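> Following is a predicted model, sequence given first.
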Amino acid sequence: MPRHATRVAVLISGEGSNLQALIDAAQAGQLGASLVTVVSNRSAARGLERARAAGIEALHLAPTRGQERADYDAALAALLGPREPDLIVLAGFMRILSPQLVELYQGRMLNLHPSLLPKYPGLDTHRRVLEAGDQWHGATVHFVTDELDGGPAVVQYRLPVLADDTESSLAQRVHKGEHIILPRAVSWFAAGRLRLAGGSVMLDGRALEAPVSVDEGGSLE
Ligand code: GRF
């Protein structure tokens, strides 16, 4: 993989298909960033194997029994610090972060969430979309702030909910979109095009009034 100045750490908990999308983009020379480490809170995360297969450091940091969130996050910060990441990407990292960790990487942490935020922060988004009878669903990449799944959105992937959609069909279609928008947002950050300034997302020097949006079947420049 080509080496780049922007160093990215990816946090995962499971399958790691979004990590794979980042690896694929890096290998294709489209990320403009180096994936320097992958950390999982779960040892069985398939994403750790994906990282190793790509020659990326793969670390497992398990929470200990009864450990306070702030203490786990301090251990995580101690692990990340020496690796000098410019950007932390939460790609299916199923833990809520402490305010201290969020503060440490303010403006340098992106999260991927499977809904059109601000709709449906938290879990079970596909089920909630179906229950509400929504016509649209999707995924969002956003900067991380103290509010759970609440930071300023950068880019969204939108898809129409079809009459025969199920939780699993929605999950599949949302994943496909996530694999498009996450590498793109990371490449914007790495190219210096994307930053957070005073709570606003700046892309190419302009504050975004709404996240960049891409519809299913469409493409991003
Ligand atoms: C993604 O749908 C992401 O939005 C959510 O967890 C899932 C992770 O999938 N937070 P994967 O591990 O990248 O395959």
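Cool, the structure landed. Numbers count the residues shown, from 1 in each chain.

> what about whichever residue of the chain sits closest to the ligand, how many neighbours?
Nearest to the ligand, among the residues of the chain, is Gly92, at 2.6 Å (C-beta to the nearest ligand atom). Bear in mind the C-beta positions are built from the backbone N, C-alpha and C, glycine included. For Gly92, the tally of surrounding residues (other C-beta atoms under 10 Å) stands at 23.

> Would you confirm that it contacts Gly16?
Yes. The criterion here is C-beta atoms under 8 Å, and Gly92 meets it with Gly16 at 7.0 Å.

> shared neighbours of those two, anything?
Gly47 (C-beta atoms under 8 Å, 6 or more residues apart in numbering).

> what's the distance between the residue of the chain closest to the ligand and Asp73?
Gly92 is 18 Å from Asp73, where distance means C-beta to C-beta, to the nearest Å.

> What residues does the chain have near the ligand?
12, 14-18, 47, 91-92, 112-114, 139, 175, 178 (C-beta under 6 Å from any ligand atom).

> what about burial for the residues you listed, which qualify?
12, 14, 16-18, 47, 91-92, 112-114, 139, 175, 178 (16 or more other C-beta atoms under 10 Å).

> Columns distance to Pro160 on top of these, output as TSV?
Formatted as TSV, those follow (distance: C-beta to C-beta, whole Å):
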residue	distance to Pro160
Ile12	29
Gly14	27
Gly16	28
Ser17	22
Asn18	22
Gly47	29
Ala91	25
Gly92	24
Leu112	21
His113	19
Pro114	16
Ala139	14
His175	16
Glu178	17
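
> Narrow these to those in helices?
17-18, 47, 175, 178 (DSSP state H).

> Closest one to Leu31 out of those, please.
If you rank those by distance to Leu31 using C-beta to C-beta, Asn18 comes first, at 12.8 Å.

> From Leu148, how far off is the closest one?
Using C-beta to C-beta, Asn18 is found at 19 Å from Leu148.

> do the same with Val129
With distances taken as C-beta to C-beta, Val129 is found 18 Å from Leu148.

> likewise Glu216?
Computed as C-beta to C-beta, the Glu216 to Leu148 distance reads 26 Å.

> Which of the two has more residues huddled nearby?
Ranked by neighbour count (other C-beta under 10 Å), Glu216 and Leu148 place Glu216 first, with 16 against 13.
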